[in-house]
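> the following comprises the amino acid sequence and a computationally predicted model.
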Amino acid sequence: MTGVSVLLGADRTSWGSFVHEAGSAIRIPTWAIRDAAERSPSLREKLLRYAHSVMVQLEETTLALGHYSLNQRLARLILMSHDRAGSDELLMTHEFLAMMLGVRRAGVSTALAFLEGEGMIRSTRGKVSIRNRTKLVTMAGGSYNRFGTASTNFYEAARTVPTENAFQAGTNQQH
């Protein structure tokens, strides 16, 4: 989900989004998500927990950019993607990783080779496979999940909590 600013009262989000894993995405109008959150306290709570997890991730990202090596930041990005994907196989190109990390593609290739050499991952064309998550967490050091488990807990809960019909009931309204 993107658009945390909308959850916090803004009319629109200030950036674009894209889906980088196989699957689908849904675009929900601002009015519809706000109406649904008003009708469903449990939905509102989940959305606010999500907003909190995004803020924690922003804090961690800012810290990681200034204090951690490329190998550590790459391990962190792989772990964060793994948290969301629910699979040990992640579809990621060197170019995508370079864009996400703000580095040259050659730097990503070197860092991936290091992580693979240490037995943490297996990297093939367009795919990164997790081989040893514990080693990846150690490599990431304090750059991953530094401020607790807010993000990880949110994504685990989102996979297991049944959804309500609060949003569905409001999608046919015109605003």
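Arrived safely.

> hey, let's count contacts and neighbours off CA atoms from now on
OK.

> any idea of the mean pLDDT for stretch 136-153?
Confidence for stretch 136-153, expressed as mean pLDDT, is 73.

> quick one: the strands in this structure?
89-91, 121-124, 127-130 (DSSP state E).

> need the CA coordinates for the second one. CSV is fine.
Output in CSV follows, covering the C-alpha atoms of strand 121-124 (Å, rounded to 0.1, in the frame of the first residue of the first chain):
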residue,chain,number,x,y,z
ILE,A,121,21.8,-15.9,-1.2
ARG,A,122,21.8,-17.4,-4.7
SER,A,123,21.7,-14.8,-7.5
THR,A,124,20.7,-15.7,-11.0
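
> got the residue ranges for the helices in the protein?
Assigned by DSSP state H, the helices in the chain fall at 4-7, 30-39, 41-67, 70-85, 94-101, 105-117, 133-140, 150-160, 166-170.

> and of these, who's closest to Ser123?
helix 105-117 (6.8 Å; Cα to Cα).

> next, the angle helix 70-85 makes with the closest one.
Angle between the axes of helix 105-117 and helix 70-85 is 80 degrees (criterion: axes from the mean of the first three to the mean of the last three Cα atoms, to 10 degrees).

> relative to helix 133-140, how tilted is helix 105-117?
Going by the same axes, to 10 degrees, helix 105-117 makes 130 degrees with helix 133-140.

> hmm, who's touching helix 105-117?
Residues outside helix 105-117 that contact it (Cα atoms under 8 Å, 6 or more residues apart in numbering): Leu70, Asn71, Leu74, Ala75, His94, Glu95, Leu97, Ala98, Ile121, Arg122, Ser123.

> from Glu38, how far out is the first one?
So the one you mean is Leu70. 43 Å (Cα to Cα, to the nearest Å).

> same question for Ala111.
46 Å.

> these two: who's more crowded?
Taking other Cα atoms under 10 Å, Ala111 and Glu38 do not tie; Ala111 has more neighbours (19 against 14).
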